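Visitor: just a sequence and a predicted model for now, questions to come.
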Amino acid sequence: MKKSPLPVQNLGAKDKQRKCGREALVKLLRWNFGHPDFRGNQLEAIEAILSGRDCFCLMPTGGGKSMCYQIPALAKSGIVLVISPLIALMENQVMALKEKGIAAEFLSSTQTSQLRNKIHEDLDRGQPSIRLLYVTPELIATSGFMSKLKKIHGRGLLNLIAVDEAHCISSWGHDFRPSYRKLSSLRNQLQDVPILALTATAVPKVQKDVIYSLNLQDPLVLKSSFNRPNIYYEVRYKDLMDDAYADLCDVLKSAGDVCAIVYCLERTTCDDLSTHLSKTGISCAAYHAGLNNKLRSSVLDDWICSKIQVVVATVAFGMGIDRKDVRIVCHFNIPKSMEAFYQESGRAGRDQLPSRSLLYYGVDDRKRMEFILSIAESKKLQSSDSQYGLSKKSTSDFYLMVEYCEGSGCRRKKILESFGEEVSASLCKKSCDACEHPNLVAKYLEELTTAIAVHQRNGFSKILSSSTDAFENENFSEFWNRNDEASGSEEDISDSEDGFEVAKGISRSKFSKKTGINEKIELLQRAEENYYRNKAHDKQANKPDKNAVSGALRESSKQRLLDALKQAHQRLGDLKVDFEASSTILENECFKKYGKSGKSFYYSQVASKVRWLSTTSSAAEITNQIGTGIMPPLENITRKEEPSPRTVSTMLHDERKKEVKKVIGEQHCGDIESKTSVKASTPQMQTKLPAIPSFSQFVNSRKSKEMQQPKASEEKEHHHSPNKHTKKRMRLQ
Ligand SMILES: Nc1ncnc2c1ncn2[C@@H]1O[C@H](COP(=O)(O)OP(=O)(O)OP(=O)(O)O)[C@@H](O)[C@H]1O
Ligand SMILES: [Mg+2]
């Protein structure tokens, strides 16, 4: 319904400098938004801004921060500029304001040039009709738009600059956006325009950083408690349950037909989980950046208008989702930080009614996140962002989240303390599982400790171990040494430019479309791993340290590298390196890095090198990496000891064959074998070793098989149901 312009114009047109009294502001609120009164610090913030003062406003998620700039936009003639990190967020707010008859627009590259021109024309008018103009920080950074802003300001029409989600300016914030840093120049460029910084998730360090970076002058600092008393916090332990999918299903069903969001780390989990929930009769849909825009907006629309009950989403279902009656927010995987968790779980109960935050914690998830963060950190260290001190921060943030799950004591207290709030023990009022059922939670934690010990004993998720230290100084794990690494992130999932998202994007781009292949690679790796484990175990039956890298293991690894080098030479033609010396160098490198970390890391690194040798398309790359002298002609190479027919590689090959057979069937395995045997019997090799099929060979033959038999392969993929043991192994997707 379009409202009459009153009382906006009455208040604004009379006297621009006139201060609106409380009553007039409440009237504006009631008239335009239908709320009976201001909440929390809204009024104080609005009054400060209207008096021309800078303001830093920290309010909990759903606290009503938008009102702090929307009311001033209505109280004075002129324009309020709102800087917002997401186009979707701007679109939503502008649409909602327009529905209320308030003149709001946003400028973005997604609009037609015709529409943009129309907005610019309005801004150029003596008295623009637009009251709220939403823009991205990127647009602010352009000289053209800045000169337009200066002109508007010169005409006395720029009333306020509101920086929404202001924590994005700080590299200490969980959603740091490099483009936000460009906002630092606003104060100098538009000197006497008040600036309002708004955020829900700033820890004290970030709060200071925001105020400093935006150069706020004597700002009114308003901080509300982060506490969300209407949200009940609970953690459930995946490692202690048979089937987390079924558990979640029960939770959602027993809650009735309520609105819920389930956050997952990976798109594939969203798809799987959504399918699973749908099958059990829950109305739900997946939402992630892998879906096209049309599908995404239809899922969002269906959820907003209650056509579907549950959205199973990645963090792409992000900031600005304003449905008030979300009753359950579930994290099916541990989030990356307490700030992210707070913001996401805070989408529950924005209507202040009782709601629930449920986190499913799994040790495997924790390890996966540790791995992602370690990669993101390495990437950030390499990039210019390192100047902002990003290196160790995300891991330490993450451990707060781990502590939330693994520690005993009130969950609410943990959340609030992480934001620097001092909290009394009585605050929670038994509205978290740890306060309501302390003995039960203590029992779970004890069982979890045992489960973790069992995982560790069994070498569970060995390849991507929890030890991020093991990846320090490493040019990433074997998973990163792949040809397609350079493909990078083809899309963003949360519209964030951050290293974390980029790292996730890269990992997804490499793995998500290759789930089947990835599983097979895993099987091969497992076969290799088993081989080494068994061999080392046999040889060292009496030795106490089962995890030590034995001399035999080193020798066989060297042999593998030697074979891989020779195969690379065959494939690429002009590999000018000394094979023996090079394999020693490569093996030494692996041992130097991981010899002390135990054989699984060491083996993993060797496997990585072998894979690199068998997939790289550049001989120069190998030569450069090894950096050894000129290689004698291949024909002249003779081994000191000719290996027996049943060598390490043969055995390894047999192991692989077994696994390959398991996955792709006898016939296809035979294909690989016949091809590789031909290679192995070529005279140049002077070895009886059958060649190890490279992963690309394996993957390519698998692909062609899949193309021939799409249905059969689909069945096999389907067979890898989420609850199968294989799913429990770690995969980055
Ligand atoms: N004074 C008020 N009384 C009642 N409801 C209000 C009031 N102010 C805002 N709201 C409502 O609260 C909800 C949340 O508002 P808003 O989106 O501005 O919150 P936010 O603090 O920006 O949250 P987030 O951190 O998630 O962005 C909206 O539905 C809004 O209409
Ligand atoms: Mg907001």
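Guide: Arrived safely. Numbering: from 1, shown residues only. Ligands and ions are numbered 1, 2, ... in the order given.
Visitor: show me where this protein has its strands.
Guide: 55-58, 79-83, 104-106, 132-135, 158-163, 195-199, 220-223, 231-237, 259-263, 284-287, 310-313, 326-331, 355-361 (DSSP state E).
Visitor: any chance of these in CSV, plus mean neighbour count?
Guide: C-betas here are computed from N, CA, C, even on glycine. Formatted as CSV, the strands of the chain follow (neighbours: other Cβ atoms under 10 Å):
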stretch, mean neighbour count
strand 55-58, 26
strand 79-83, 26
strand 104-106, 23
strand 132-135, 23
strand 158-163, 25
strand 195-199, 27
strand 220-223, 17
strand 231-237, 22
strand 259-263, 24
strand 284-287, 25
strand 310-313, 26
strand 326-331, 23
strand 355-361, 24
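Visitor: could I get the ones you listed as a markdown table with distance to Asn117 and mean pLDDT?
Guide: Below are the strands of the chain laid out as a markdown table (distance: least, Cβ to Cβ, whole Å; pLDDT from 0 to 100):
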| stretch | distance to Asn117 | mean pLDDT |
| --- | --- | --- |
| strand 55-58 | 34 | 96 |
| strand 79-83 | 18 | 97 |
| strand 104-106 | 12 | 97 |
| strand 132-135 | 15 | 97 |
| strand 158-163 | 21 | 96 |
| strand 195-199 | 28 | 95 |
| strand 220-223 | 38 | 95 |
| strand 231-237 | 45 | 98 |
| strand 259-263 | 38 | 97 |
| strand 284-287 | 33 | 95 |
| strand 310-313 | 35 | 96 |
| strand 326-331 | 38 | 97 |
| strand 355-361 | 44 | 98 |
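Visitor: of the ones you listed, which is nearest ligand 1?
Guide: Minimum separation from ligand 1 across the strands of the chain (Cβ to the nearest ligand atom) falls at strand 195-199, 7.0 Å.
Visitor: which elements pack onto the closest one?
Guide: strand 55-58, helix 67-75, strand 158-163, helix 204-213 (3 or more Cβ pairs under 8 Å, 6 or more residues apart in numbering; DSSP states H and E).
Visitor: so which bits of this structure are right by ligand 1?
Guide: 35, 38-39, 42, 59, 61-67, 200, 320, 322, 324, 350 (Cβ under 6 Å from any ligand atom).
Visitor: go again with 8 Å.
Guide: With the criterion set to Cβ under 8 Å from any ligand atom, the chain comes near ligand 1 through 29, 33, 35-39, 42, 59-67, 93, 164-165, 198-201, 319-322, 324, 343, 346-347, 350-351.
Visitor: quick one, which of those residues are buried?
Guide: Neighbour counting over these (16 or more other Cβ atoms under 10 Å) leaves 29, 33, 38, 42, 59-67, 93, 164-165, 198-201, 319-321, 343, 346-347, 350 as the buried ones.
Visitor: so what's Cys264 up against?
Guide: 270, 273, 312-314, 332-333 (Cβ atoms under 8 Å, 6 or more residues apart in numbering).
Visitor: distance of Ser345 relative to Arg228?
Guide: For Ser345, the distance to Arg228 (Cβ to Cβ, to the nearest Å) stands at 8 Å.
Visitor: so, low pLDDT: which residues of the stretch 301-450 of the chain?
Guide: 319-320, 379-393 (pLDDT under 70).
Visitor: inside helices: which ones of the contacts of Cys264?
Guide: 270, 273 (DSSP state H).
Visitor: filter the contacts of Cys264 to the buried ones?
Guide: The neighbour count (16+ other Cβ under 10 Å) marks 270, 273, 312-314, 332-333 as buried among these.
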